[in-house]
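S.K.: Give me coordinates for this.
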Amino acid sequence: MPAWLESAVFYQIYPQSFRDANGDGIGDLRGIISRLPYLRDLGVTALWLNPCFVSPFRDAGYDVADFYRVAPRYGTNRDLRALFAAARAHGLRVILDLVAGHTSNEHPWFRESCRAERDARSDWYVWTDSVWTRSGLDQPVVAGYAARNGNYVPNFFWFQPALNYGYARPDPRRPWQQPAGAPGPRAVRAELRAIMRHWLDLGAAGFRVDMAGSLVKNDPGGRATAALWRGVRAWLDRAYPEAVLVSEWSDPAVAVPGGFHADFLLPFNKPGFTSLFRRTRPADTPYLDRSGRGRIRPFLEEFLPLLAATRGRGFLALPSGNHDAGPRLGTGRDARDLAVAFALLLTLPAVPFIYYGDEIGMRSVEGLPSKEGGYARTAVRTPMQWDASPNAGFSAAPAGRLYLPIDPAPDRPTVAAQEADPASVLQAVRRLIAVRRAHPALGAGGGFAPVLATGGRAPFVYRRTAPGEAILVALNPGGKPCTARLPRGAVAGPPRILAGEPGALRRERGGWRVRLPAIAYAVAATGR
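M.R.: Reported below is the predicted structural model:
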């Protein structure tokens, strides 16, 4: 396990929307390099870049047409190497998005596999044995696409043909379903490692793996796919021991024992995690809601078993949001709400991922036409808002040429405005990251125990521990003040407030009481 992951705070960058350095309206690698001082000062330790490789961009780069070359709209391979080097100079690591399960239908590998005659790539994708075979065992197929007498299985959109990692349980009635050990799947696995080796040798610090659990088909419980990743992890441990592997699996109990250092809880398929910040159903109330009706128990009932299943093996990864999830964290919340949200995100026992712009409370921009396969997701992919200059400082291009429009709201948040405001969410996030990095108890592997987590009532209080250190975190997202008596032993020594409300903990006869005003938090060192 790379030691640096324990205290890591990641920042997710959607390259086309972060900063445009050459004035063409699309964010690029040189634009990211220009903002590395901002990211260093924010306190994050690592960056995750969404795919930046050659692509027709029907799915925003998740349809890769060349895994070994940076897309020209972002720059060149030399620019990416420069980003790796500049990031290291600022104390930052960069991980890349690895689209392991499929390619674009414009990838040369796929075009070769489409030929009527057999060739070296014929078995690199999942093809049926006839154009009349219209079922892939509960998987859709794209019919009649090529000269080849067969139909291919896509992974997501129709133009993303699935690479062939084999079937865990091939159906003998469908001889085209190859076992995972067949020559085609073995060749694909070898190529996957070659891609990883290429970028690791050029300076990448690891990978976030897209749809990591989807590789081997007909794989109940993901066991064969996990075995594949365990092989990759063993190779990384030998050849690149500091490289990290983070999965988009959203099943940490499978993914972490299956070889990943960390696995995401995702807002769209983990209801407990979703319930913290977003509605799981229209009638539900998120925990972080001023009404005070939100409940913390659904999250804990999901989180605690996952924490136990991964303890000592790897970590959970918790995102503030991402390019696939809406609405943005800042939608419908102000700086105080967001400070409480980040106090939670940055003090839980997990690796936090901050989606670009969430640290200033950027909001979803609804009603935009779909861009590059974004559909409803387009609302959370608009350009970063840097300042009050034209295009919010994102680009010098005319507004009509921007990748996506800037949030048109007159009160849109910007980095520049929040830099000058000590009460801004940006300043709160900076303080919280600094506290997290200074205290091992708040790291991803520190101890965690709920202290107060009763029904829908505030406050939610929990204890984080490491050898020689104990920290108490208290949260009140509701619009009314709250108070509660802490159980005996929750505070082991005179408390020292590290962030948040300075008077949150008060000694009473025989114990301690926590008092929080509306929409507030406190992080306190409380002895050993």
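
S.K.: Show the residue spans covered by the strands in the stretch 251-400 of the chain.
M.R.: 262-264, 315-319, 351-355 (DSSP state E, counting those that start in this stretch).

S.K.: Could you say which of those is packed most deeply?
M.R.: Compared across the strands of the stretch 251-400 of the chain, strand 262-264 shows the largest average neighbour count, a mean of 28 (mean count of other CB atoms under 10 Å). (Each C-beta comes from the backbone N, C-alpha and C, glycine too.)

S.K.: Who are the packing partners of it?
M.R.: With contacts taken as 3 or more CB pairs under 8 Å, 6 or more residues apart in numbering; DSSP states H and E, strand 262-264 sits against strand 244-247, helix 252-255, strand 315-319.

S.K.: Identify the residues contacting the first one?
M.R.: Counting by CB atoms under 8 Å, 6 or more residues apart in numbering, the neighbours of strand 244-247 from elsewhere in the structure are 2, 5, 48, 95, 205-209, 212-213, 229, 232-233, 236, 255, 259-264, 317, 351.

S.K.: Could you dump the strands of the stretch 251-400 of the chain into TSV with distance to residue 193 and mean pLDDT added?
M.R.: Shown next, in TSV, are those (distance: least, CB to CB, whole Å; pLDDT from 0 to 100):
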stretch	distance to residue 193	mean pLDDT
strand 262-264	20	97
strand 315-319	23	98
strand 351-355	24	98
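
S.K.: Dump the ones you listed to a markdown table, plus distance to residue 481.
M.R.: Shown next, in a markdown table, are the strands of the stretch 251-400 of the chain (distance: least, CB to CB, whole Å):
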| stretch | distance to residue 481 |
| --- | --- |
| strand 262-264 | 35 |
| strand 315-319 | 28 |
| strand 351-355 | 28 |
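
S.K.: now the end-to-end length of stretch 40-51.
M.R.: Chord length of stretch 40-51, first to last residue, is 22 Å (CA to CA, to the nearest Å).

S.K.: measure residue 98 to residue 62 for me?
M.R.: As for residue 98, its distance to residue 62 is 11 Å (criterion: CB to CB, to the nearest Å).

S.K.: Equivalent analysis for residue 516, please.
M.R.: Going from residue 516 to residue 62 by CB to CB gives 42 Å.

S.K.: now the strands for the stretch 51-200 of the chain?
M.R.: 53-54, 66-70, 93-99.

S.K.: Make CSV from the ones you listed and add mean pLDDT and mean neighbour count to it.
M.R.: Listed next are these as CSV, based on pLDDT from 0 to 100; neighbours: other CB atoms under 10 Å:
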stretch, mean pLDDT, mean neighbour count
strand 53-54, 98, 23
strand 66-70, 98, 17
strand 93-99, 98, 24
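
S.K.: I'd like those strands laid out as TSV, including distance to residue 330.
M.R.: Output for these, formatted as TSV (distance: least, CB to CB, whole Å):
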stretch	distance to residue 330
strand 53-54	30
strand 66-70	30
strand 93-99	23
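
S.K.: show me the contacts for the spatially most central residue of the chain.
M.R.: Nearest residue to the geometric centre of the chain (CA atoms, centre = their mean): residue 319, 5.1 Å. Taking CB under 8 Å, 6+ apart, we find residue 319 in contact with 12, 264-267, 325, 352-355.

S.K.: what's the neighbour count on residue 8?
M.R.: Neighbourhood size, residue 8 [other CB atoms under 10 Å]: 26.

S.K.: which residues does it contact?
M.R.: Contact analysis of residue 8 by CB under 8 Å, 6+ apart lists 45-46, 93, 351, 444.

S.K.: out of the residues you listed, who's nearest residue 187?
M.R.: Within the contacts of residue 8, distances to residue 187 taken as CB to CB reach their minimum at residue 93, with 30.6 Å.

S.K.: And the helices in the protein, which stretches?
M.R.: Under the criterion DSSP state H, helices of the chain are mapped to 29-34, 36-42, 77-89, 108-113, 183-202, 223-239, 252-255, 271-277, 297-310, 335-345, 415-419, 425-438.

S.K.: gap between the fourth one and the chain center?
M.R.: What separates the centre of helix 108-113 from the centre of its chain is 31 Å, taken as CA atoms, centre = their mean, to the nearest Å.

S.K.: Report the buried residues of that helix.
M.R.: 109-110, 113 (16 or more other CB atoms under 10 Å).

S.K.: hmm, who's touching it?
M.R.: With CB under 8 Å, 6+ apart as the contact definition, helix 108-113 has outside contacts at 65-66, 103-104, 119-125, 127, 148, 161.

S.K.: show me the contacts for residue 33.
M.R.: Counting by CB under 8 Å, 6+ apart, residue 33 makes contact with 21, 79, 82-83, 86.

S.K.: rerun that using 10 Å as the cut-off
M.R.: Under the criterion of CB atoms under 10 Å, 6 or more residues apart in numbering, the contact list for residue 33 reads 19, 21, 75, 79, 82-83, 85-87, 90.

S.K.: Residue 114 too?
M.R.: Going by CB under 10 Å, 6+ apart, residue 114 touches 105, 121-122, 125, 127, 145-148, 150, 152, 161.

S.K.: Narrow these to those that are buried.
M.R.: By 16+ other CB under 10 Å, the contacts of residue 114 give 105, 121-122, 125, 127, 145-146, 148, 150, 152, 161 as buried.

S.K.: tell me the contacts of the spatially closest residue to residue 309 that is not a sequence neighbour?
M.R.: Using CB to CB, 6 or more residues apart in numbering and skipping residues adjacent in sequence, the residue nearest residue 309 is residue 253, 4.0 Å away. Listed by CB under 10 Å, 6+ apart, the contact partners of residue 253 are 263, 305-306, 308-310, 313.

S.K.: of those residues, closest to residue 274?
M.R.: Nearest to residue 274 among the contacts of residue 253, with distances taken as CB to CB, is residue 306, at 14.0 Å.

S.K.: roughly how far apart are the closest one and residue 315?
M.R.: 10 Å.

S.K.: now swap in residue 9 and tell me
M.R.: Distance from residue 9 to residue 315, counting by CB to CB: 12 Å.

S.K.: so what's in contact with those two at the same time?
M.R.: Shared contacts of residue 9 and residue 315 (CB under 10 Å, 6+ apart): 351, 444.

S.K.: Could you list the domains of this protein?
M.R.: Domains of the chain are assigned by automatic domain parsing as 3-100+185-436, 102-162, 447-525.

S.K.: neighbours of residue 238, just the number please.
M.R.: By the measure other CB under 10 Å, the count of residues near residue 238 is 8.

S.K.: Would you format the buried ones among the contacts of residue 114 as TSV with pLDDT included?
M.R.: Output for these, formatted as TSV (pLDDT from 0 to 100):
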residue	pLDDT
105	98
121	98
122	98
125	98
127	96
145	96
146	96
148	97
150	96
152	96
161	98
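
S.K.: Distance to residue 374 for the residues you listed - can I get that in TSV?
M.R.: Output for the buried ones among the contacts of residue 114, formatted as TSV (distance: CB to CB, whole Å):
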residue	distance to residue 374
105	19
121	30
122	33
125	25
127	29
145	24
146	28
148	31
150	31
152	24
161	21
